[in-house]
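> Below: sequence and its predicted model.
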Amino acid sequence: MPDTPLILWVRRDLRLSDNPMLAQAARSGRAVVPVFILDPETENLGAAAKWRLGLGLAQFARALEGIGSRLILRRGPALEVLRELSAQLGAGAVHWARLYDGPAKTRDTQVKSALRDDGIDAQSHPGHLLFEPWTVETGQGGYYKVYSAFWRNVKNREVPPPLAAPTQMQPPEVWPDSDRLEDWQMGRAMNRGAAVVSPHLGVGEGVAQTRLADFLEGPVMRYKERRDFPAEEATSRLSENLTYGEIGPRSIWHAAYRVMHDGSAGAEHFLKELVWREFAYHLLHHSPHITTQNWREEWDEFPWRDDNADAERWRRGMTGEPFVDAAMREMYVTGTMHNRARMIVASYLTKHLMTDWRVGLRWFEDCLIDWDPASNAMGWQWAAGSGPDAAPYFRVFNPETQIKKFDPKAHYRHRFIAELASPPGPDARGFFDAVPKAWGLDMQARYPDPLVDLSVGRNRALEAYAARRG
């Protein structure tokens, strides 16, 4: 029924360019109605991610208005909303871009089946990844469990070029009613932290494209050598935008590929990091339990502790280890955390403090504006040793030696730890404005002594590892 309206179910694809679903809809000549649904799965997002999603939706709605369209907002279970909207519009089709985590796939499969039973053309499109997970196979037909082999398989694959943004989309004769975004209060759980994090955000497609261009014009040259130094502007900062689809992976791939062939020394390593994200989704698709269970079953008997008082000190950025505390405070002040720092805090929690990786995974899920289900699970299980292609359990990152190596002039720790800076700067002070008042933290207090002797913590972890191997 090509003359009936087409509903675009928008999720994590808040961009006009490099958006296959949107481009196909615009070319169809049909009336197109983009809709975002605040369904139970989205309602359950962590505080920071849900707030940041709301900001992205507002920006995307303005972008749609620029091509003569609108973003309709509805709340409720996805199938109910889509059926109601389809009946109201007389829509003949509902399209969306794929997601790959277990709950999303279950929901989308049910929605597709039910809509097709209703006689509606329900279709899913690529858009979130470079390669659909089921298209990358080992020589034996299985899925990859080691990143290096995955990279060798895909590094020379053809990636479709990014599609141009449509300049207009056909509106329906009458726009359906829409909720008001402000009524959803998507940032309510952020409380006073929102004001602290806001200046560090980079919301929308325009910001994402500028970030990419700026990175490829300069920092990418030394990316491989300097990306682990958290005080330096050496990374792209695109994780925030990739999370909400404010930039497409094909756009990043082709832009970085061009500068690599033009001689940019760090571009290949940057492409490898983009493919690490692909690998995380490859694993999530084929082993969805990675978000909730040890990927390696033999770790189920490992004596990790459940949540505990030491983990609470870790959460509060008060462990007495400057690299760990600076990283946790960076997250509360900026909404993100440097990748090297994520490795350090995850290793410290799971190994020095012998705390279950899921404690950290859930906390990141609540606090990161760039939270991503695949990358978060992969990162935590990699650091803990329980995941695919994981760091060996006997590789225990030492926060003391790591900070000497990667923050030799103490710029990172002084930026975020007020007790170690004289005078403390705005980000160090901002930490005390962002965290809950109930924590009772005082900027004038003495910096805490180390929570655990690093050699003792390391030996305890190694002894538990050896006992598990038995």
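Received the coordinates, thanks. This one's a predicted model, so the numbers in the text were calculated from it and none came from an experiment. Numbers count the residues shown, from 1 in each chain.
> Show me the residue sitting in the middle of this structure in space.
residue 372 (2.8 Å; Cα atoms, centre = their mean).
> Show me how the chain divides into domains.
Per automatic domain parsing, the structural domains of the chain span 1-128, 129-161+204-286, 297-469.
> Out of those, which is closest to residue 193?
Nearest of those to residue 193, taken as Cβ to Cβ: domain 297-469 at 4.3 Å. Just so you know, the C-beta spots here come from the backbone N, C-alpha and C atoms, and that holds for glycine as well.
> Which residue, other than its chain neighbours, is closest to residue 366?
residue 46 (3.7 Å; Cβ to Cβ, 6 or more residues apart in numbering).
> hang on, I meant residue 451
Excluding its sequence neighbours, the residue lying closest to residue 451 (Cβ to Cβ, 6+ apart) is residue 319, at 4.5 Å.
> where's residue 17 relative to residue 132, distance?
Between residue 17 and residue 132 the computed distance is 20 Å (Cβ to Cβ, to the nearest Å).
> swap in residue 218?
Taken as Cβ to Cβ, the span from residue 218 to residue 132 is 33 Å.
> swap in residue 239?
21 Å.
> Among the two, which residue is more densely surrounded?
Of the pair residue 239 and residue 132, residue 239 is the one with more neighbours under other Cβ atoms under 10 Å, namely 19 against 14.
> hang on, the earlier thing: list the contacts for the residue nearest to the centre of the chain?
By Cβ atoms under 8 Å, 6 or more residues apart in numbering, the contact list for residue 372 reads 239, 242-243, 277, 280.
> rerun at 7 Å
Residues near residue 372 by Cβ atoms under 7 Å, 6 or more residues apart in numbering: residue 243.
> again, but for the one 4 residues further on
For residue 376, the contacting residues are 361, 364-365, taking Cβ under 7 Å, 6+ apart as the criterion.
> Now do the buried residues in stretch 190-209.
Across stretch 190-209, burial judged by 16 or more other Cβ atoms under 10 Å covers 190, 193-194, 196-197, 200-205, 207-209.
> can I get the residues you listed in CSV with distance to residue 437?
Listed next are the buried residues of stretch 190-209 as CSV, based on distance: Cβ to Cβ, whole Å:
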residue, distance to residue 437
190, 14
193, 11
194, 15
196, 13
197, 17
200, 21
201, 23
202, 28
203, 27
204, 32
205, 36
207, 32
208, 34
209, 39
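> Identify the farthest-apart pair in the residues you listed.
Farthest pair in the buried residues of stretch 190-209, by Cβ to Cβ: 193 and 209, 27.6 Å.
> Is it correct that residue 40 is in contact with residue 79?
No. Contact criterion Cβ atoms under 7 Å: residue 40 and residue 79 do not qualify, at 11.3 Å.
> Of those two, which one has the most company?
residue 79 (19 against 13).
> before we move on, the earlier item: can you pick the most crowded of the contacts of residue 376?
With neighbours defined as other Cβ under 10 Å, the most crowded of those is residue 364; it has 24 neighbours.
> pLDDT value on it, please?
pLDDT recorded at residue 364 is 98.
> From the contact counts, what lies against the helix or strand containing it?
Assessed by DSSP states H and E, residue 364 sits inside helix 357-367. Contact analysis of helix 357-367 by 3 or more Cβ pairs under 7 Å, 6 or more residues apart in numbering; DSSP states H and E lists helix 47-65, helix 373-384 as its packing neighbours.
> what is the rounded mean pLDDT of the shortest one?
Regarding helix 373-384, the rounded mean pLDDT is 95.
> Residue 433 contacts residue 194, correct?
No. Between residue 433 and residue 194 there is no contact, the gap being 10.9 Å when judged by Cβ under 7 Å.
> highest average neighbour count across the helices and strands packed on helix 357-367?
helix 373-384 (a mean of 25; mean count of other Cβ atoms under 10 Å).
> Now find how far off-centre stretch 56-63 is within its chain.
Centroid displacement of stretch 56-63 relative to its chain, using Cα atoms, centre = their mean, to the nearest Å, is 19 Å.
> Identify the residues contacting that stretch?
Contacts of stretch 56-63 (Cβ under 7 Å, 6+ apart): 14, 16, 36, 71, 181, 203-205, 244, 246.
> go again using 10 Å as the cut-off
Contacts to stretch 56-63, defined as Cβ atoms under 10 Å, 6 or more residues apart in numbering, come from residues 10, 12-17, 34, 36, 38, 69-73, 165, 178, 181-182, 184, 186, 201, 203-207, 240-241, 243-246, 369.
> Let's see the PyMOL selection covering just the buried ones among these.
Buried residues among the contacts of stretch 56-63 (16+ other Cβ under 10 Å), as a PyMOL selection:
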select buried, resi 10+12+13+14+15+16+17+34+36+38+69+70+71+72+73+165+181+184+186+201+203+204+205+207+240+241+243+244+245+246+369
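> can you tell me which of the contacts of stretch 56-63 are in strands?
Cross-referencing the contacts of stretch 56-63 against strands under DSSP state E gives 10, 34, 36, 38, 72-73.
> State the pair within those residues that is farthest apart.
Taking Cβ to Cβ as the measure, the ones in strands among the contacts of stretch 56-63 span a maximum distance of 14.4 Å, between 34 and 38.
> Select the helix or strand of this structure having the lowest average pLDDT value.
helix 454-469 (a mean of 88; mean pLDDT, DSSP states H and E).
> Skipping adjacent residues, who's closest to residue 166 in space?
Closest residue in space to residue 166, ignoring its immediate chain neighbours: residue 26 at 3.5 Å, by Cβ to Cβ, 6+ apart.
> for whichever helix or strand the one you found is part of, packing partners?
Per DSSP H and E: residue 26 is located in helix 20-28. Judged by 3 or more Cβ pairs under 10 Å, 6 or more residues apart in numbering; DSSP states H and E, helix 20-28 is in contact with strand 6-10, strand 32-38, strand 93-97, strand 121-125.
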